Structures are given as structure tokens and as C-alpha cells.
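S.K.: Sharing a model that was predicted from the sequence below.
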Amino acid sequence: MSMNRRKIAIAALELVGREGIEALTMKRLAEEVDRKPASLYNHIAGKQDLIEAMRGILSEHIEASYFESLGWRDALLAWARDYLKAFAQHPKIIAVMATTAISDPATLATYEKVVASLVRGGWRRGEAVAVMRAVEAYVLGSALDIVAPDTLLNRDSLPMELNELHANLDPQDAEIWSAQAAFDLGINALLDGLVVTLERNGARSLR
């Protein structure tokens, strides 16, 4: 099989998915793709570059055209849902993605569209980045919640005297308090709050 940057990045994501980010070394990755480590450097400059190549693969599953056809709130909602799905499928990469400087061209191009849409929608420059980061932070936390084991919060393990918590974790109502339901509730509350904030800031600017 011929090797290229994209195939190496996909193999890296699969490796991390199985064994965790600690397993991601150029030596271990070379074994994964049945190549010598030196051959990978024909396509990947090093660990940092590999992480960005992996980010690029994930970005393929996060649509950016929403920001060209929808208002900023609806676009952010659709984007957040794509973002959640992509990272929930690769939760073991979240920590490194969230703490590594971003240089992937596709990701940066998406950020350009997000921020431009927010500025068109009335957000000030600088504030637009803060809005984007707030949504991203919420999505990444939710992605970890989505893949958490069902036993993370389970009334079977609760002391019986915790009456209200016990009642609210009724399995018959699981769809109401599930991780997905929590994401849907939270993202809409966050976006509604941002709408109110923008309107309030606009009103203040007119005084």
C-alpha cells in the first residue's frame, strides 16, 4: 500500500483510539503502518505536524458551509453538532487537540468562516473569537460526557437517602437526562444567552 500524509494521520487516529495518546510515537506509528520510522518523515515533519494532520482528518467531518448560508446562531448550532459527533468518535485525542497550537489549514479556514459570520452578525472583533471558543469548550466537554460510561452517574449506586437525586435518575426518564439531552439543552441555552448578550451590548452602544 502506498503511503501518504492522510493515510498516516488516519492510522494515527486509529492507534490513539485503541491505545491512547501515550502510544502515539513515530516509532509505534511506523509499526502500525508497516514502515520504517524514517520513511514517515517523507510525509510528516514530526509529532506536532502529525497532530495537525490528525486535526485535518477530523475537520473533514465538521461542515463549515453553515456560516455562509445561515445566521450566526443557527450556524453555530449546526457546527457544534458536527463538532460533537466528530470528537465523540475520537475522545482520546481531545486533550492534545485542545492544548496544541493550531496550524492545520482546513481548521483555520473554518475558524475564518466562523469568526467572519459572527462579525457580520454584530459581534465586535475579538468578541467573535471569544464566542467561538466558548462554543468549542462546551462541545469538547460534552464529547467526553457523551462517551462516559453509563455507570458514571447511576442511581443503583446512590445512597437511598439522596431522595431527589434518586428520583431524577429514573431509568424511564433516561432520554431526558442523557448526555445527548444535556448537550442539546446546554448548547441551546448557551446560544440563547449569547443572543441576549449581543442584543444587550448593541443597546448599550446606542446610549
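M.R.: Yes, it's here.
S.K.: what about the residue nearest to Val33 when sequence neighbours are not counted, neighbour count?
M.R.: Of all residues not flanking Val33 in the chain, Ala11 sits nearest, at 5.0 Å (CB to CB, 6 or more residues apart in numbering). For the C-beta atoms, the positions are set from N, CA and C on the backbone; glycine is no exception. Counted with other CB atoms under 10 Å, the neighbours of Ala11 add up to 19.
S.K.: Name all residues that make contact with Ala11.
M.R.: Leu29, Glu32, Val33 (CB atoms under 8 Å, 6 or more residues apart in numbering).
S.K.: what sits up against the worst-scoring helix or strand of the chain on mean pLDDT?
M.R.: Among the helices and strands of the chain, helix 174-177 carries the lowest confidence by mean pLDDT, DSSP states H and E, at a mean of 80. Residues outside helix 174-177 that contact it (CB under 8 Å, 6+ apart) are Asn168, Leu169, Ala181.
S.K.: all helices for the chain, in order.
M.R.: Remark: helices assigned in the chain by DSSP state H are 5-19, 26-32, 37-40, 47-59, 66-69, 72-88, 94-98, 105-120, 127-146, 163-168, 174-177, 179-205.
S.K.: will you turn these into a markdown table that also has distance to Ser157?
M.R.: Formatted as a markdown table, those follow (distance: least, CB to CB, whole Å):
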| stretch | distance to Ser157 |
| --- | --- |
| helix 5-19 | 28 |
| helix 26-32 | 37 |
| helix 37-40 | 45 |
| helix 47-59 | 34 |
| helix 66-69 | 40 |
| helix 72-88 | 24 |
| helix 94-98 | 26 |
| helix 105-120 | 40 |
| helix 127-146 | 18 |
| helix 163-168 | 11 |
| helix 174-177 | 15 |
| helix 179-205 | 17 |
